[in-house]
Structures are given as C-alpha cells and as structure tokens.
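[1] here is the input, now give the coordinates:
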Amino acid sequence: DVFFSALILKIGGRVESRRFMVWCPVFLPGRSSAADMHMNSGGVSSSCHIRPARATRHRRGHLRRRVAALPPAASNAASRTASIVVFGGFFIIDGIFFAANALKIPEGGWVPLSLAALGMIVMWTWVRGTKLLESKMHRDSLPMTDLVRMLEKRPPTRVAGTAIFLSSDPKVAPSALMHNLKHNKVLHERIVIMSVRTEDMPKVAPSQRYEVRELAPGFLEVILHFGFMESPRIPAALALMRKSGFKFDIMTTSFFLGRRTLKMSKTSGMPMWQDKLYIGLTRQAISATDFFSIPSDRVVELGAQVSI
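    Numbering: from 1, shown residues only. Coordinates of the predicted model:
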C-alpha cells in the first residue's frame with residue numbers, strides 16, 4: 001500500500017487502466033481548490049475517486065485538474081523526502097524484527113551468524129587475492145602488440161601446427177607464451193590468443209559466440225562469449241568456428257596453459273593468514289582443462305612460481 005501510494009503521487013496523481021481510472025489530486029501550496037480538499041476541524045484530507053473508465057472519459061472535463069509542475073530542485077527534494085520516508089518505515093520494521101531475534105543469539109543464534117561470517121571471509125579473500133594477483137601479473141606482463149613487433153624484428157623458429165594460449169586478458173602476452181619462447185625458443189605457425197568471457201545473460205546466440213581479430217600474420221586474437229548458464233566448452237566453440245570457415249584441427253592443435261604456484265610474500269598487501277587461505281583456495285580450484293572441456297592429451301602446462 002505504501003509503495004503504490006507513493007507511486008500514485010509520483011506520477012501526478014492519476015493511474016488509468018483499461019476498465020477503471022484512479023484519480024488522486026496532488027495538493028500543492030496555493031494550487032488547491034475546494035473541490036480538491038475537504039476542510040474540517042481536524043485539518044485537510046485528500047480524496048481519491050475510483051470510477052469506471054467510460055464514465056470518467058465523459059466527465060473528464062469536470063474531474064481533471066491541471067497541476068503546475070514543480071521546479072527541478074523542489075521535485076528532487078520531494079523525491080528524496082518521499083524515499084527517506086518510505087525506506088525509513090521499512091528500516092524501522094526490519095529493526096524491530098532484528099531486535100526481537102537478537103535475543104536468540106546467545107541461545108544458539110550465533111551458529112548461523114558464524115557460518116555466514118566465515119562464508120563472507122572466504123569470498124572476500126578470494127576476490128581480494130585475485131585482484132592483487134591480476135594487478136601483479138599485469139604489471140609484470142608485456143603488451144601483446146609490443147611482443148608481436150619484437151617477433152617481427154627477430155622471428156624465432158616456427159614449427160607446424162596451431163598453438164592456443166588461454167589468457168584472461170588478450171591485450172597482454174600470456175605467461176605460457178613467454179615461458180615457451182624463453183625455454184623452447186620456438187613458435188607454431190599459427191598462434192591463437194584466446195580469452196573466454198562470461199556475459200550477463202543466460203545464453204549467447206551462436207552468431208555472437210566468438211570474435212576474431214588478426215594481430216599479425218600468424219597471430220590471431222579470439223574472444224569466446226558464453227552465457228552464465230552455459231558450460232564454456234572450447235572444443236564446441238572451435239567446431240562452430242570451423243563451420244564458419246576457420247580451419248582448426250583439434251588433432252594438430254596444442255593448448256598451452258599456465259599453471260601458477262603461489263608463494264607468500266611480506267609485501268603481498270594481505271595479512272599472513274589471508275595469504276595462506278587464498279593459496280589453499282587456489283589449490284582446491286578446478287583446473288582449466290576440466291573447466292573448459294579441453295582434451296587432456298592436447299594440453300601442455302607450463303608452470304611458474306608467483307609471489308603474492
């Protein structure tokens with residue numbers, strides 16, 4: 001009732017449906033009339049009339065009142081006041097319920113509160129640690145455009161086949177690519193920097209599944225889009241790309257993944273206990289091979305130790 005009353009006053013005092021019209025005059029200082037107000041000894045009270053829509057249309061000239069619009073500043077102030085009143089009422093009601101239930105905390109109510117606090121600490125640690133790790137990796141990474149220019153000046157030995165390097169950010173060179181160049185000193189004929197993004201929709205249409213951009217001859221940037229209710233299956237996305245003209249043979253394609261071994265650091269930005277918790281959570285996380293449904297016999301993992 002409070003919500004609909006505020007909504008009626010917000011839109012100017014009139015809500016019309018197919019069969020009925022609800023007309024509530026909005027009272028403004030100096031704009032009211034005797035037809036809009038009922039004066040009594042106790043003060044002023046408003047009246048709302050509910051009439052059939054057809055009857056109201058015939059008597060529209062008698063019932064309608066043109067109300068002058070408030071200035072923007074006054075309108076914003078009125079909206080803020082109405083919001084404070086409405087939400088203040090809900091806050092008071094919720095506060096009463098909280099105070100009543102707070103009496104049960106010493107008698108066992110602390111158990112669900114402790115479990116909820118533990119869950120929040122775990123989620124907060126995961127989010128905070130991931131942000132710190134990503135910022136560190138971005139700070140130490142090389143932009144992909146700079147790497148392509150360096151490889152064009154001093155090209156390494158190329159071998160047959162396609163190499164797909166998974167990266168959370170296709171704008172920077174993946175760590176697996178850098179380690180492959182550092183230790184093996186070779187590159188495949190076709191290099192694909194692939195990133196998987198989860199969109200804010202349940203499903204993504206097949207026509208919008210992927211984006212392809214050529215960085216240089218032999219270098220492709222591929223971004224795959226999946227809905228939050230879809231399983232991010234990379235082989236299925238590659239099959240869809242193959243139907244559109246992109247040649248990907250799964251038997252001649254190698255997936256290079258970077259595996260990080262995290263170590264604690266005094267300059268990590270988190271307390272020691274939170275570092276240990278985050279490292280434990282990363283060890284329990286599902287592997288990229290299983291998460292993206294990549295054939296295990298086509299995966300090459302290159303590890304690196306990272307201090308957080």
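
[2] I'd say Asp200 and Phe228 touch.
    Yes - between Asp200 and Phe228 there is a contact under C-beta atoms under 8 Å: 7.2 Å. Quick note: C-beta positions are derived from backbone N, CA and C, even for glycine.

[3] and the two? which has more neighbours close in?
    Phe228 (11 against 6; other C-beta atoms under 10 Å).

[4] give the contact list for the more buried one.
    Phe228 is in contact with 198-202, counting by C-beta atoms under 8 Å, 6 or more residues apart in numbering.

[5] number of residues surrounding Ser168?
    Ser168 - counted by other C-beta under 10 Å - has 13 other residues nearby.

[6] give me phi/psi at Ser307?
    When read as degrees, to the nearest 10, the backbone of Ser307 gives phi -100, psi 130.

[7] would you mind confirming that it makes contact with Ser268?
    Yes - applying C-beta under 8 Å, one finds Ser307 in contact with Ser268, separated by 7.3 Å.

[8] more crowded one of these two?
    Using other C-beta under 10 Å, the more surrounded residue of Ser307 and Ser268 is Ser268, with 19 against 13.

[9] what about that one, distance to Leu224?
    32 Å (C-beta to C-beta, to the nearest Å).

[10] ok, now Ala173?
    Ala173 sits 19 Å away from Leu224, going by C-beta to C-beta.

[11] state the helix or strand in which the closest residue to Ile105 other than its chain neighbours lies.
    Using C-beta to C-beta, 6 or more residues apart in numbering and skipping residues adjacent in sequence, the residue nearest Ile105 is Leu113, 6.9 Å away. Leu113 is located in helix 110-140, with elements delineated by DSSP states H and E.

[12] who does whatever helix or strand comes next after that helix touch, helix- and strand-wise?
    Following helix 110-140 in sequence order, the next helix or strand is helix 144-153 (DSSP H and E). For helix 144-153, the contact count by 3 or more C-beta pairs under 8 Å, 6 or more residues apart in numbering; DSSP states H and E identifies strand 210-216 as packing neighbours.

[13] the strand it packs on vs helix 144-153, what angle?
    Angle of strand 210-216 versus helix 144-153, following axes from the mean of the first three to the mean of the last three C-alpha atoms, to 10 degrees, is 40 degrees.

[14] what pairs with strand 210-216, and is each one parallel or antiparallel?
    strand 219-226 (antiparallel) (DSSP bridges).
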